[in-house]
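Participant: next input, structure requested:
(chains A and B)
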Number of protein chains: 2
Amino acid sequence: MPLQNDTLIRALLRQPTAYTPTWIMRQAGRYLPEYNATRKRAGSFLGLAKNPDFATEVTLQPLERFQLDAAILFSDILTVPDAMGLGLYFAEGEGPKFERPLRDARAIRSLAVPDMEKELGYVMAAVRQIRRALHGRVPLIGFSGSPFTLACYMVEGGGSEDFRLIKTMLYQQPELLHHLLAVNAKSVCAYLNAQIEAGAQVVMIFDTWGGVLSSAAYDEFSLRYLHAVLQDVKREHAGQRIPSIVFTKGGGLWLERIAAAGCDAVGVDWTLDLGEARRRVGNGVALQGNLDPNVLFADPVVIRREVERTLAAFGSGSGHVFNLGHGVSQYTSPEHLQVLVESVRELSPQYHENQ
Amino acid sequence: MPLQNDTLIRALLRQPTAYTPTWIMRQAGRYLPEYNATRKRAGSFLGLAKNPDFATEVTLQPLERFQLDAAILFSDILTVPDAMGLGLYFAEGEGPKFERPLRDARAIRSLAVPDMEKELGYVMAAVRQIRRALHGRVPLIGFSGSPFTLACYMVEGGGSEDFRLIKTMLYQQPELLHHLLAVNAKSVCAYLNAQIEAGAQVVMIFDTWGGVLSSAAYDEFSLRYLHAVLQDVKREHAGQRIPSIVFTKGGGLWLERIAAAGCDAVGVDWTLDLGEARRRVGNGVALQGNLDPNVLFADPVVIRREVERTLAAFGSGSGHVFNLGHGVSQYTSPEHLQVLVESVRELSPQYHENQ
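Facilitator: Residues are numbered from 1 along each chain as shown, chains lettered A, B, ... in the order given. A predicted model of the protein is given here:
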């Protein structure tokens, strides 16, 4: 099925487009009543993520409401460690947790790259089914957590405020953490490649926690493994270029280094001015972002003004993918997200004239 | 009483020193058994902070253990909004909360700068008593939360993960937030000046939450009011220069702008390489920081190595105050902090030769 709307792909490859493409991190999520209805039928978040029918249904829901330029696979970033046997679960009202977090060298040394079809077949089935359901409407983004971000959850056993356990390992037993990160990097790479083979047309790596590291530790424990993953991720499939996006939340200080990791685009959060970001990376990569999700709690006139500011900050030319600087909040009104999407469509073409 | 150890003051003013001075954010805190014993006698955190005898006792405790170059007033960053009538309290196992958070324009418009001696006399009494107890051993640092950081707590009613309420106000009713910030700035300035008159020899402004803002919003809603405070804070008292330190956690991207706000020194967290930070600010300000507090969970040999790395990153010459990049964790072993303090004393003189 030929892609009817390749604006996202083109923007990620810094090719001319008629307007700035938009998708929204967590666009299939709890702010949508139809998502909550499907989740209720599925019984739980994991029931939703592990069932290709449900995953397909919720992946497509935001596309029914908004003129978005991409779908993103509905899944969890912790499917890979779950497939490694750590036992992912969600306690009510809390974030993800592992039944068997990694607390000793033996557990870490015995980890293996999971079998993609056997352990993660439900993800690949969802990718295939979503691709069929999309009928080439927009490209499908596949994704994974970064090796370091996965390691954070695997060692901490869930979210953390201070990342005490993983950082104790980082400083005290760096070689053990390197072993874990190497297994994660191989797994993430195999996972993204399996998604590409199943039909993902863009891949994104979420380095949600890389920003908690020191400048030097970021290079050694996160960036190095992003680089390793990107080196082995397919850049083409079935004759099509597969662009890659890396997003290190809070990584603005290290933008040049991330841009040099081998990705096509870098996601940036709202702490970075997009014009400054562009000056810093030059023509090396496209940029994705970066509206503060809290802007969506304001009135339409404010949302429109902030969209305009974000577009103006990036300026003229291709290479910008509009997004929030973080996932959309569950408390967001879908009508307000509608205003964002419409504003980008309406205000962005002027930045793409005369290309 | 003449100051017997003015190393901190000299370093903050970028004058030559024999070694790199050290103090530690939250050096009087829960990681010290003697602190916990005093807190138990006081009955509660606020019982401790509001009683000058107890506050003096715990302020001096870390100086008995470690060869530190400064004492910092034991207090809470939310004393000012408490004095404005918001009703500060601490729920067991949770952070600070306000009984009467600011939720409407009327509450915000009726705020007034508190009377420093009447409402915050206990803080000034503590400053005076600590100064007497110190006998000129090391300088006493006074402090306040920043206007924006205070506003975060005042509007959210406590800590927050997404700062939804304050950011909704920021985007939707910016003039209302500006009114609140203007009152806070006047209050913070009066508060710091009262501490200086009572005996504080250095002042520090903790902009704990400035880093959650977008680049543009940081300028408009945090930096602008830091600037306002610094413009009116006494730079001299009783013939002595009073250096000022500003610390915006997560503000590394905006370092040059913070350095231009009128402070003598900028605190930096561990995400910023100290050598890069120094190149960026030139000779404009001193720098304070920036070891990841989690390094203290590693063995002495690792702590020493990371101290060395931090000193080497800053390099030779004056203008560096050693500190962590955030407050010391309650789970830290005091023996490990001892290793940090001794390592700085031992390893830093080589960076101060030939000045």
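
Participant: tally of neighbours for the residue of the stretch 1-150 of chain A found nearest chain B?
Facilitator: Relative to chain B, the nearest point of the stretch 1-150 of chain A is A:Gly95 (10.5 Å; Cβ to the nearest Cβ). From N, CA and C alone the C-beta is placed, and that goes for glycine too. For A:Gly95, the number of neighbouring residues by other Cβ atoms under 10 Å in any protein chain shown comes to 11.

Participant: spit out the contact partners of it.
Facilitator: By Cβ atoms under 8 Å, 6 or more residues apart in numbering or on different chains, A:Gly95 lies in contact with A:Gly158, A:Gly159.

Participant: next one, pLDDT for it please.
Facilitator: Model confidence at A:Gly95, given as pLDDT, is 88.

Participant: can you report phi and psi for it?
Facilitator: Phi and psi for A:Gly95, reported as degrees, to the nearest 10, are phi -80, psi -170.

Participant: give the buried residues for the helix or strand containing A:Leu255.
Facilitator: Per DSSP states H and E, A:Leu255 falls inside helix A:255-259. Buried residues in helix A:255-259, counted by 16 or more other Cβ atoms under 10 Å in any protein chain shown: A:Leu255, A:Arg257, A:Ile258, A:Ala259.

Participant: one more: stretch A:89-106?
Facilitator: Under the neighbour-count criterion of 16+ other Cβ under 10 Å, stretch A:89-106 has A:Tyr89, A:Phe90, A:Pro96, A:Lys97, A:Phe98, A:Pro101, A:Leu102 buried.

Participant: isn't the fourth one right up against A:Tyr89?
Facilitator: Yes. Counting by Cβ atoms under 8 Å, A:Lys97 sits close enough to A:Tyr89 to count as a contact (5.7 Å).

Participant: centre of the chain to the host helix or strand of A:Ser144, how far?
Facilitator: A:Ser144 belongs to strand A:140-145 when assigned by DSSP H and E. Relative to its chain's centre, strand A:140-145 lies at 6 Å (Cα atoms, centre = their mean, to the nearest Å).

Participant: which strands and helices sit next to it?
Facilitator: The contact analysis (3 or more Cβ pairs under 8 Å, 6 or more residues apart in numbering or on different chains; DSSP states H and E) places strand A:140-145 against strand A:71-72, helix A:116-134, helix A:174-198, strand A:202-207.

Participant: tell me where chain A has strands.
Facilitator: Assigned by DSSP state E, chain A shows strands spanning A:71-72, A:88-90, A:96-98, A:140-145, A:202-207, A:236-237, A:240-241, A:244-248, A:265-267, A:286-291, A:320-324.

Participant: the third one packs against which elements?
Facilitator: Contact analysis of strand A:96-98 by 3+ Cβ pairs under 8 Å, 6+ apart lists strand A:88-90, helix A:147-156 as its packing neighbours.

Participant: picking up where we left off before, quick check: mean pLDDT of the strand holding A:Ser144?
Facilitator: For strand A:140-145, mean pLDDT rounds to 98.

Participant: same question for stretch A:11-27.
Facilitator: On average, the pLDDT along stretch A:11-27 is 98.

Participant: are it and chain B in contact anywhere?
Facilitator: No. Judged by Cβ under 8 Å from any Cβ of the partner chain, stretch A:11-27 stays clear of chain B, getting no closer than 12.7 Å.

Participant: mind checking the end-to-end distance for that stretch?
Facilitator: Distance between the boundary residues of stretch A:11-27 (Cα to Cα, to the nearest Å) amounts to 19 Å.

Participant: can you check stretch A:9-29 too?
Facilitator: This stretch, stretch A:9-29, spans 23 Å end to end (Cα to Cα).

Participant: buried residues, that stretch. List them.
Facilitator: Those would be A:9-14, A:17, A:19-29, for stretch A:9-29 by 16+ other Cβ under 10 Å.

Participant: show me what from the stretch 251-355 of chain A comes close to chain B.
Facilitator: A:252-253, A:270-273, A:276, A:292-295, A:297-299, A:302, A:306, A:309, A:325, A:329, A:331.

Participant: quick check on these: which are buried?
Facilitator: Buried residues within these, counting neighbours by 16+ other Cβ under 10 Å: A:252-253, A:270-273, A:292-295, A:297-298, A:302, A:306, A:325, A:329.

Participant: need the phi and psi values for A:Ser333.
Facilitator: With angles defined as degrees, to the nearest 10, A:Ser333 sits at phi -80, psi 130.

Participant: that one contacts A:Asp299, doesn't it?
Facilitator: No. In this structure, A:Ser333 is not within contact of A:Asp299 by Cβ under 8 Å, at 10.6 Å.

Participant: find residues that contact each of the two.
Facilitator: By Cβ under 8 Å, 6+ apart, no residue touches both A:Ser333 and A:Asp299.

Participant: re the thing from before, redo the strands of chain A as a markdown table? Include distance to B:Met124.
Facilitator: Shown next, in a markdown table, are those (distance: least, Cβ to Cβ, whole Å):
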| stretch | distance to B:Met124 |
| --- | --- |
| strand A:71-72 | 56 |
| strand A:88-90 | 50 |
| strand A:96-98 | 47 |
| strand A:140-145 | 50 |
| strand A:202-207 | 47 |
| strand A:236-237 | 69 |
| strand A:240-241 | 67 |
| strand A:244-248 | 45 |
| strand A:265-267 | 48 |
| strand A:286-291 | 44 |
| strand A:320-324 | 45 |
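
Participant: neighbouring strands for the strand holding A:Ser144, and are they parallel or not?
Facilitator: Paired neighbours of strand A:140-145 in the sheet (DSSP bridges): strand A:71-72 (parallel), strand A:202-207 (parallel).

Participant: in a markdown table, list those along with mean pLDDT and mean neighbour count.
Facilitator: As requested, the strands paired with strand A:140-145 are exported to a markdown table (pLDDT from 0 to 100; neighbours: other Cβ atoms under 10 Å in any protein chain shown):
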| stretch | mean pLDDT | mean neighbour count |
| --- | --- | --- |
| strand A:71-72 | 98 | 24 |
| strand A:202-207 | 98 | 26 |
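
Participant: what residues does A:Ser214 make contact with?
Facilitator: B:Trp270, B:Thr271, B:Asp292, B:Gly325 are the contacts of A:Ser214 under Cβ under 8 Å, 6+ apart.

Participant: ok, which of these also contact chain A?
Facilitator: B:Trp270, B:Thr271, B:Asp292, B:Gly325.

Participant: look up how far B:Gly87 lies from the last one.
Facilitator: Read that as B:Gly325. 32 Å (Cβ to Cβ, to the nearest Å).

Participant: same deal with the third one?
Facilitator: Computed as Cβ to Cβ, the B:Asp292 to B:Gly87 distance reads 35 Å.

Participant: equivalent analysis for the first one, please.
Facilitator: Applying Cβ to Cβ, one obtains 35 Å for the distance of B:Trp270 from B:Gly87.

Participant: one more: A:Thr22?
Facilitator: Distance of A:Thr22 to B:Gly87, given as Cβ to Cβ: 44 Å.

Participant: one more: A:Thr310?
Facilitator: From A:Thr310 across to B:Gly87, the span is 39 Å (Cβ to Cβ).

Participant: show me which of those two is the more surrounded one.
Facilitator: The neighbour comparison of A:Thr310 against B:Gly87 (other Cβ under 10 Å) goes to A:Thr310, with 31 against 12.

Participant: local confidence estimate at the more buried one?
Facilitator: Here, the pLDDT recorded for A:Thr310 equals 98.

Participant: likewise for the one 3 residues further on?
Facilitator: According to the prediction, A:Ala313 has pLDDT 98.

Participant: with A:Gln355 instead?
Facilitator: Listed pLDDT for A:Gln355 reads 64.

Participant: quick one on the thing from earlier: for the buried ones among the residues of the stretch 251-355 of chain A next to chain B, which one is nearest A:Gly317?
Facilitator: A:Asp273 (16.7 Å; Cβ to Cβ).

Participant: please consider this matter closed, and thank you.
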